[in-house]
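> Could you look at this predicted model? Sequence included:
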Amino acid sequence: MAGVAQRSAAVWRFIKLRRSSAPSLTFHTTAAPMGATVEEFEEAKSKLSTMRSDPGNEVKLKIYALFKQATQGPCNTPKPGMLDFINKAKWDAWKSLGSISQDQARQQYCDLIGSMLKAEEGSSARAAAQPAGVGAAYQTLLVSTEENITTITMNRPAKKNAITTEMYKEIIAALEQAAKDDSAITVFTGAGDFYCSGNDLTSFTRIPEAGMEEAAKQGADLLRSYVRAYIDFPKPLVAVVNGPAVGISVTVLGLFDLVYATEQASFHTPFTQLGQSAEGCSSYTFPRIMGPTKANEMLLFNKKLTADEACRLGLVTEVFPDSCFLSEVWRRLRAHARLPRQSLVLSKQLIRSMEKERLYAVNDAEVERLMERWTSDECISAIMSFFQAKAKL
Ligand code: COA
C-alpha cells in the first residue's frame, strides 16, 4: 500500500510540474455550451491554486484528468511504457474518462473544485470557532501554555514533522502569539519519534499557474518571514530536540537560546545533496558557533552529527539519555520559567541587538540564493530522485 501511495504522490508532483508549464489553453467554443462556461472553468482553475489543504492523490489525479479532457478532449496519446510509472498514472487517469465531452469535463472539473472549496471553508470556519490560543486552532501544531511556558509542538508525526507551507505559516503565527502572551519562555519541539525532517519536499511541486519562478518567489517570501520570526522572537526560545532533525529545523537552531537534545537526536543539513544551499542564517551562525571547518562539514558536505557531537561543537546545550530526557528537560524549563520575566526579555534583547541587522542581511542573502537554487536543474532532479527512490521501495 505504501508503495502505491508513494508512486501516486510522485506522479502528481510530476503532473503539477508539467501542467504548470503547459502552453495556454484552447477551447472548442463553436459548439453550444452544455456545461460550465470557459470563464467558470478559468475561475475554478485559479481557485484551485489558492487551496491550502491537500485533497489526497486520488483526487489530484482526477483533477488532472478532467483538466486534460476539458482542454484537449479524450486521451489520444500513446500509452506510456510500464516502467514510466509517472506518465502511466497520468495516462490511466485521463483514459478512464472515456469519451465524455469537453463541456461535461469542464462542468465536472468546476463541480469538483467547488466541493473541495466548500469542504475547506467548513474546516476553516470550525478552526476559527476555537478559542484563541488553544492548540486546536492550528492544523499542523499543538500549542499550549502551562506554568509560564508556551510549548509549540510540530504535529505531523506520520510525515516526521516535515514542514509544509501551511505549517510554516502556522509556526510564524504561533511565534507571534507566544511573543505576546504572558509566558516567560517558549519551547519548540516535535511530536512522535522525529523532531523534524525539514522542508516538506512535496512543497516543491505546488506550482501556481504563473510558473516555477513565481513559486520560487512565493517560497522565498515565506522563508524570509519564517526565519525573521526567529530572529525577532523577544523571549528565551528553547528547542527540545526529541529525535532526528533535518534541514531547516537544524539551521534555525543557531537562532535559539538553548537547545536540549535526547541522545537519539541527530542533526543533518543535506543541502548540497539536494542541489540547494544553507538557510536559517546558518551560513553565519554555524561558523560562529562551531568554527568554519566544522560548519563546512555540515553545510557543504552534508555531515550528519550525533547529539553528542552537536553538543561538543556548541550547537546543542545539553544531551540527555532518552530514558530521562523529558523529566530532566522539564525540570530545567520550570526553573528557567520562574526567573523574572522582564529580566529575561531585556537580557535576550541585549544579546540579540548586537546581531539583528546582520542576521536580517544574512537571511536576505540566503533566501536570494535559494530562490535561484529551487529552479535549478540540480535541485529539481535531486528532489525527483528522492521520490523516485522511495517509489521503488
Ligand atoms: N518531505 C516530505 N515528506 C517527507 C519528508 C520530507 N522532508 N520526510 C519524510 N517524509 C515522509 C515520507 O515520504 C514518508 O511518507 P509516506 O509514509 O507517505 O511514504 C513519511 O514521511 C515517513 O518517512 P520515511 O522516509 O518512511 O521514514 P524514514 O524513517 O525511513 O526516513 C527521513 C525519515 C526523514 C530520514 C527520510 O524521510 C528523509 O530523508 N526525508 C527527507 C529529508 C530531507 O531531505 N529534508 C529536506 C532537507 S533540506
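Nice, I can see it.

> Please make it C-alpha for all contacts and neighbour counts, starting now.
Will do.

> So what touches stretch 166-174?
52, 138-141, 143, 152, 222-223, 225-226, 229 (C-alpha atoms under 8 Å, 6 or more residues apart in numbering).

> Inside helices: which ones of those?
Among those, the members falling in helices are 222-223, 225-226, 229 (criterion: DSSP state H).

> buried ones in stretch 280-294?
Residues 280-286, 290 are the ones in stretch 280-294 that count as buried (16 or more other C-alpha atoms under 10 Å).

> Near the ligand, list only the ones from those.
Among the buried residues of stretch 280-294, no residue is within reach of the ligand (C-alpha under 6 Å from any ligand atom).

> quick one, strands of this protein?
With strands called from DSSP state E, the chain shows them at 141-146, 149-154, 185-190, 237-241, 245-246, 258-262, 266-268, 305-306, 318-320.

> Walk me through which strands the first one pairs with, and which way each runs.
If I follow you right, that is strand 141-146. strand 149-154 (antiparallel) (DSSP bridges).

> Please state the offset of the strand it pairs with from the chain centre?
Relative to the mean C-alpha coordinate of its chain, strand 149-154 is positioned 18 Å out (C-alpha atoms, centre = their mean, to the nearest Å).

> anything in it near the ligand?
No - on the criterion C-alpha under 6 Å from any ligand atom, strand 149-154 is out of touch with the ligand, staying 13.2 Å away.

> Begin at 609, not 1, for the rest of this chat.
Fine by me, first position is 609 from now on; the one you just mentioned is strand 757-762.

> Give the rounded mean pLDDT of that strand.
Mean pLDDT, strand 757-762: 98.

> That strand vs strand 845-849, what angle?
If you take axes from the mean of the first three to the mean of the last three C-alpha atoms, to 10 degrees, strand 757-762 sits at 50 degrees to strand 845-849.

> Need the pLDDT of the residue nearest to R977 when sequence neighbours are not counted.
Nearest residue to R977, sequence neighbours excluded (C-alpha to C-alpha, 6 or more residues apart in numbering): S885, at 7.3 Å. S885 is assigned 97 on the pLDDT scale.

> just Y717 next, same as before
86.

> so what's it up against?
Going by C-alpha under 8 Å, 6+ apart, the list of residues near Y717 reads 649, 652, 671, 674-675.

> In contact with the residue sitting nearest the centre point of the chain, which residues?
For the chain, the residue nearest the mean C-alpha position is T772 (2.3 Å; C-alpha atoms, centre = their mean). By C-alpha under 8 Å, 6+ apart, the contact list for T772 reads 807-808, 811.

> can you check A713 too?
Contacts of A713 by C-alpha under 8 Å, 6+ apart are 674-675, 677-678.

> ok, I793 to the ligand distance?
28 Å (C-alpha to the nearest ligand atom, to the nearest Å).

> so can I have a markdown table of the contacts of Y717 showing pLDDT and neighbour count?
Listed next are the contacts of Y717 as a markdown table, based on pLDDT from 0 to 100; neighbours: other C-alpha atoms under 10 Å:
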| residue | pLDDT | neighbour count |
| --- | --- | --- |
| F649 | 89 | 23 |
| A652 | 87 | 19 |
| I671 | 89 | 22 |
| L674 | 90 | 26 |
| F675 | 91 | 22 |
